[in-house]
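[1] the following block contains a protein sequence and its predicted model.
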Amino acid sequence: EWMKSYKPMLFGKNLWVCPSWCDVPDPDAVNLMLDPGLAFGTGTHPTTELCLRWLDGINLKDKEVTDYGCGSGILGVAALLLGAKSVLAVDIDLQALQATRTNLERNNLAQDTLHAYLPEDAPAAKSQVLLANILSGPLVELAPAIAERVQSQGLLALSGLLAEQEQDIIDAYSPWFTLDKAVELDLSLIHI
C-alpha cells in the first residue's frame, strides 16, 4: 500500500528519481533509480529536494564530489549520473554506507566511481563540489572539517537547516566561504 504513494519525481529540468516498481517517465532524462529504505534520502524531504535541484543546475562534468552525510547516497549517485567523475561519500551510519553502495549498484554505476567511508576512515581529499545535507548543529560543529574538504574556488552546498538557523551557518562558514543568499523550500534552507 505504501508503494502507491511513492512515484517518480522531477528535480530541476532533467533529473528524475524513480522507484524500481515504476516506469521511467522520460527515458532521455537522467533517471536515478532509488527505493525508500533505512537511510535518509529519497528526494521527498525539502532539504534533499533543494540539493537535487541544485545539482541538476550546475556543471558536474568530470568533477570530484563529496557527499558529506550521504544517507542513502541519493546526492552522490545523482552527481555521478549528472557527469561527476567521482564521489567520496561520508556518513556516521554503517547502514547509510551500505545503502549508498546498494544505490550505486542499482544505477549500474562503476564501483570505483564512489567510495563510502565513516568520517574517521575517509581520506583527507579535497573536492571541487561538496554537499552536506545534515542538521544545523552538526553543520556548525563540522565547519572546519568540511571547509578543509573543498578545493579553492570549489562549490559548497549546505542543507538541512531551518530558516531561523541561517545566521549560525553564516557565522560558522564565513571564515572560509562567501555564501550566496539561501534558497528556501517549506521553511528549509540550502546555502550555496
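    Looks like it came in fine.

[2] what's the weakest-modelled helix or strand in the chain?
    For the chain, using mean pLDDT, DSSP states H and E, the weakest element among its helices and strands is strand 188-191, scoring a mean of 68.

[3] neighbouring contacts of the helix or strand hosting residue 102?
    For residue 102, the host element (DSSP states H and E) is helix 94-106. Contact with helix 94-106 is made by 20, 33-35, 37-40, 67, 70-74, 76-77, 80, 89, 91, 111, 113-114, 116-118, as judged by C-beta atoms under 8 Å, 6 or more residues apart in numbering. All C-beta atoms are positioned from the backbone trio N, CA, C, and that covers glycine.

[4] off-centre distance for that helix?
    13 Å (C-alpha atoms, centre = their mean, to the nearest Å).

[5] for the residue most central in space within the chain, list the residues it contacts.
    The centroid of the chain falls nearest to residue 75 when counting by C-alpha atoms, centre = their mean (3.0 Å). Counting by C-beta under 8 Å, 6+ apart, residue 75 makes contact with 41, 48, 51, 52, 55, 67, 131, 133.

[6] doesn't it fall inside a helix?
    Yes - secondary structure of residue 75 (DSSP: H, G, I helix; E, B strand; the rest coil): part of a helix.

[7] start at 27 instead
    Got it, the first residue is 27 from now on, which makes the last one we talked about residue 101.

[8] okay, it: pLDDT?
    With respect to pLDDT, residue 101 has a value of 97.
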